[in-house]
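Engineer: Sequence first, predicted coordinates after that:
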Amino acid sequence: MKIIVIGGSGLIGKKLVPLLRQQGHEAVPASPSTGVNALTGEGLAAALTGSDVVVDVSNSPSWDDAAVMEFFDKTTRNLLAAEEAAGVKYHVALSVVGADRMTGSGYMRAKVNQENLIKDGRVPYSIVRATQFFEFLGWIAGEKGDGDTVRLPSAPMQPLAADDVAAALADISIGAPLNATIELAGPEKMPIADFVGRFLAAKGDTRKVVADPKALYSGVMLDDRGIAPGADPRLATTKFTDWAARAGLTS
């Protein structure tokens, strides 16, 4: 199959393309750096010609509320229109677990809008909602840092490795369209503060992590589900300690 990976030069895209090629598929990374801009539509028609599947793992360069909404709205509309014109049979999109529950976040509202456009479109689809990546636990800590203390929610999370996200997307993109949304999560669940604390300790970061039920996550007060998945998610296999060892963290 010919599979176009939109956002192919990003964290997940750079892992997904080689996996698909190893399985014998013609996987083509598509991003502004390769002359394909889903936001403006530049290069889309040519890139999608003869393609069977489009996997969208692109991300907005800005998290400003208006900019992120414009990015996901325009890129999704452009992709779906180009796919219809090219006869693409399947659209796969990466989204975020809990996006529909974090309505106070402009980014999450934009992701929900993206999902709704896909559901309302004519191209068969699968939407994969993933939990937070291990690779971004440091970003969470940095976002809430205050000197020697990091104050984070006590609500749960169930993060996973980016490698596992790419592997799941590879598997889903070569199968039949689900015309549904599935959730993907890591094998371990614990409070956000505890998981980030593990990450900081592994890095040798001595900041103290304080669990605060009133602390915000991406500007949002979380409920008891936090940013963990619902019932029966697809579970990745990589545990945090194994990922940390591969990543070369200190301990």
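Structural biologist: All right, it came through fine. Numbers count the residues shown, from 1 in each chain.

Engineer: State the mean pLDDT of stretch 172-192.
Structural biologist: Confidence over stretch 172-192, taken as the mean pLDDT, stands at 98.

Engineer: scratch that, stretch 9-16
Structural biologist: Mean pLDDT, stretch 9-16: 97.

Engineer: Disregarding flanking residues, what is the spatial nearest neighbour of residue 177?
Structural biologist: Nearest non-adjacent residue to residue 177, counting by Cβ to Cβ, 6 or more residues apart in numbering: residue 124, 3.5 Å away. Quick note: C-beta positions are derived from backbone N, CA and C, even for glycine.

Engineer: Quick check, the one you found in contact with residue 88.
Structural biologist: No - contact between residue 124 and residue 88 fails when scored by Cβ atoms under 8 Å: they sit 9.3 Å apart.

Engineer: Looking at the two, which has the bigger crowd around it?
Structural biologist: More neighbours surround residue 88 than the other of residue 124 and residue 88, with 23 against 16 (other Cβ atoms under 10 Å).

Engineer: follow-up on the earlier one: quick one: the residue nearest to residue 177 from residue 45, how far?
Structural biologist: 20 Å (Cβ to Cβ, to the nearest Å).

Engineer: one step back: distance of the residue nearest to residue 177 from residue 1?
Structural biologist: Taken as Cβ to Cβ, the span from residue 124 to residue 1 is 14 Å.

Engineer: Kindly report the same for residue 167.
Structural biologist: 17 Å.

Engineer: Which of the two has more residues huddled nearby?
Structural biologist: Per other Cβ under 10 Å, whichever of residue 167 and residue 1 has more neighbours is residue 167, with 18 against 15.

Engineer: Downstream of whichever strand or helix holds that one, the next helix or strand is which one?
Structural biologist: Per DSSP states H and E: residue 167 is located in helix 162-173. The first helix or strand that comes after helix 162-173 along the chain, using DSSP H and E, is strand 181-185.

Engineer: re earlier: quick one: contacts for the residue nearest to residue 177?
Structural biologist: Applying Cβ atoms under 8 Å, 6 or more residues apart in numbering, we find residue 124 in contact with 89, 90, 91, 177, 179.
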